[in-house]
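Undergrad: okay, predicted coordinates and the sequence, questions at the end:
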Amino acid sequence: MALTITGEVIDVLDEQTGQGKNGTWRKQHFILETPGQYPKQVAVIQWGDNIDKFGVKKGETVTAHIDIQSREFDGRWYTDVKAWKITRDQEGSGGQEPWSEPVIDVDGGDDGLPF
């Protein structure tokens, strides 16, 4: 299953770092605003080397290929939208115009992944 979300990057937040049991980690959120009559703002996370690899900038339109993951802590649930790939319009964001819908694509096609 492939999940993507397309929109304009309206903000890139400061990078966060920390130390975990597997070593040092880095993450950075960017805020993506979807097009359409009822735009939505979604906080998307980039991890590690993807921060430098994708170089997301405020004002550009991108398609984020994402995984959605939830976890429980102290009886509350938290959900992350993690980008594992970023494409720009000219790289083929599914042929969508920036103002077209749908902006979230859930594709049940065979992408070669076991899950």
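TA: Great, that's in hand. Here the structure is a predicted model, which means the values were calculated and not measured. Numbering: from 1, shown residues only.

Undergrad: what ranges do the strands span in this protein?
TA: Taking DSSP state E as the criterion, the chain contains strands spanning 2-12, 16-20, 23-33, 41-47, 61-73, 76-88, 104-107.

Undergrad: for the ones you listed, give me JSON lines that also has mean pLDDT and mean neighbour count.
TA: The way it works is simple: take the backbone N, C-alpha and C, and place the C-beta from them, glycine included. As requested, the strands of the chain are exported to JSON lines (pLDDT from 0 to 100; neighbours: other CB atoms under 10 Å):
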{"stretch": "strand 2-12", "mean pLDDT": "93", "mean neighbour count": "18"}
{"stretch": "strand 16-20", "mean pLDDT": "91", "mean neighbour count": "9"}
{"stretch": "strand 23-33", "mean pLDDT": "94", "mean neighbour count": "16"}
{"stretch": "strand 41-47", "mean pLDDT": "95", "mean neighbour count": "17"}
{"stretch": "strand 61-73", "mean pLDDT": "94", "mean neighbour count": "15"}
{"stretch": "strand 76-88", "mean pLDDT": "94", "mean neighbour count": "14"}
{"stretch": "strand 104-107", "mean pLDDT": "51", "mean neighbour count": "12"}
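
Undergrad: which one of those strands lies closest to Gly55?
TA: strand 76-88 (8.6 Å; CB to CB).

Undergrad: what helices and strands are in contact with that closest one?
TA: strand 41-47, helix 50-54, strand 61-73 (3 or more CB pairs under 8 Å, 6 or more residues apart in numbering; DSSP states H and E).

Undergrad: 10 Å instead, please
TA: Packed against strand 76-88 by the contact rule (3 or more CB pairs under 10 Å, 6 or more residues apart in numbering; DSSP states H and E) you find strand 2-12, strand 23-33, strand 41-47, helix 50-54, strand 61-73.

Undergrad: go through the strands of the chain and name the closest to Phe54.
TA: Among the strands of the chain, the nearest to Phe54 by CB to CB is strand 76-88 (4.1 Å).

Undergrad: okay, which residue is most central for this structure?
TA: Taking CA atoms, centre = their mean as the criterion, Ala83 is the residue nearest the geometric centre of the chain, at 3.6 Å.

Undergrad: got the contact list for it?
TA: Contact analysis of Ala83 by CB atoms under 10 Å, 6 or more residues apart in numbering lists 4-5, 28-30, 32, 44-47, 50-51, 54, 56, 62-67.
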